[in-house]
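>>> no sequence on this one, just coordinates:
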């Protein structure tokens with residue numbers, strides 16, 4: 001299921017809670033003691049940053065299942081620190097060891113996160129706050145540039161309703177040959193039953209990632225019959241042909257950005273397993289994506 005830990009960080013007593021949550025997530029992901037320690041270190045640095053530089057915030061921890069190679073599924077731990085502080089004047093400098101704006105700090109925290117995470121990203125806006133996102137994989141941290149889709153970065157943030165334990169949404173991705181296929185599923189309703197529907201959808205995506213998006217949705221329609229159902233969207237990028245395809249069903253949308261201009265290629269108000277889906281499809285080639 002889409003298990004999520006949501007920890008408010010407003011004083012030093014919550015640092016332990018963040019570390020315990022990271023260790024629990026690592027156990028569910030099947031991490032070795034060494035990878036668990038790395039995950040705990042990353043979350044400790046992120047939570048400490050929130051206290052020392054942002055006046056507090058929240059840490060979100062969730063499990064992400066993906067396949068960087070065909071048939072090679074992996075569960076990773078994703079750690080996100082969110083704050084509404086003053087923002088960073090110089091993000092690049094903040095990631096360098098030795099840079100700090102806090103008295104007595106060694107300035108190694110975010111640089112440590114960057115080094116030991118399998119993937120790390122940071123966005124900050126002056127006056128609005130900062131989002132830092134780290135992913136720790138089961139294997140030791142390696143900066144991966146996939147041959148299947150070089151230069152493609154996949155990321156998602158999953159926040160449960162009302163700080164719930166389980167999220168009714170799920171995101172996963174899989175690579176097959178030159179194609180990268182991304183699923184976003186939104187289980188009907190909320191809580192464990194919605195999370196179960198998303199888990200079934202994730203499993204089906206990893207069985208069918210070699211198929212076109214519309215056919216994957218048809219397979220999802222069948223797989224989700226025993227569940228309460230879900231809205232779902234499939235995005236597939238072929239690095240060989242530089243073509244992007246999208247198919248969606250349900251109250252779920254997607255935006256394709258080209259030179260900063262948003263577009264809404266698909267939206268449909270039905271749900272997988274609720275009605276026989278009428279699929280809307282979009283395709284975009286090198287000139288438009």
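Structure's in. What do you need? Remember, predicted model here, so these are calculated numbers, not experimental data.

>>> what sits against the residue nearest the centre of the chain?
By CA atoms, centre = their mean, the chain has its centre lying nearest to residue 156, at 2.9 Å. Contact analysis of residue 156 by CB atoms under 8 Å, 6 or more residues apart in numbering lists 64, 171, 184. C-betas here are computed from N, CA, C, even on glycine.

>>> now residue 122
Counting by CB under 8 Å, 6+ apart, residue 122 touches 88, 91, 94-95, 110, 130-133.

>>> Sort out for me which of those residues are in strands.
130-133 (DSSP state E).

>>> Pick out whichever of those sits closest to residue 43.
If you rank the ones in strands among the contacts of residue 122 by distance to residue 43 using CB to CB, residue 132 comes first, at 10.8 Å.

>>> what is that closest one paired to in the beta sheet?
Assessed by DSSP bridges, residue 132 has beta-bridge partners residue 81, residue 122.

>>> And the helices in this structure?
Assigned by DSSP state H, the helices in the chain fall at 14-29, 33-53, 91-94, 109-116, 191-208, 213-223.

>>> Show me what the fourth one is in contact with.
Just to be clear, that refers to helix 109-116. For helix 109-116, the surrounding residues in contact (CB under 8 Å, 6+ apart) are 38, 41-42, 45-46, 48-49, 94-97, 120, 122, 132, 134, 136, 141.

>>> will you turn the contacts of residue 156 into JSON lines that also has neighbour count, distance to residue 27 and pLDDT?
JSON lines is the format used below for the contacts of residue 156 (neighbours: other CB atoms under 10 Å; distance: CB to CB, whole Å; pLDDT from 0 to 100):
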{"residue": "64", "neighbour count": "22", "distance to residue 27": "16", "pLDDT": "86"}
{"residue": "171", "neighbour count": "23", "distance to residue 27": "22", "pLDDT": "89"}
{"residue": "184", "neighbour count": "23", "distance to residue 27": "26", "pLDDT": "92"}
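
>>> Now the terminal residues of stretch 234-249, how far apart.
Start to finish, the residues bounding stretch 234-249 are 9 Å apart (CA to CA, to the nearest Å).

>>> Can you give me the buried ones in that stretch?
By 16 or more other CB atoms under 10 Å, the buried positions in stretch 234-249 come out as 234-239, 244-249.

>>> Any stretches of the stretch 101-250 of the chain with poor pLDDT?
101-108, 141-151, 162-163 (pLDDT under 70).
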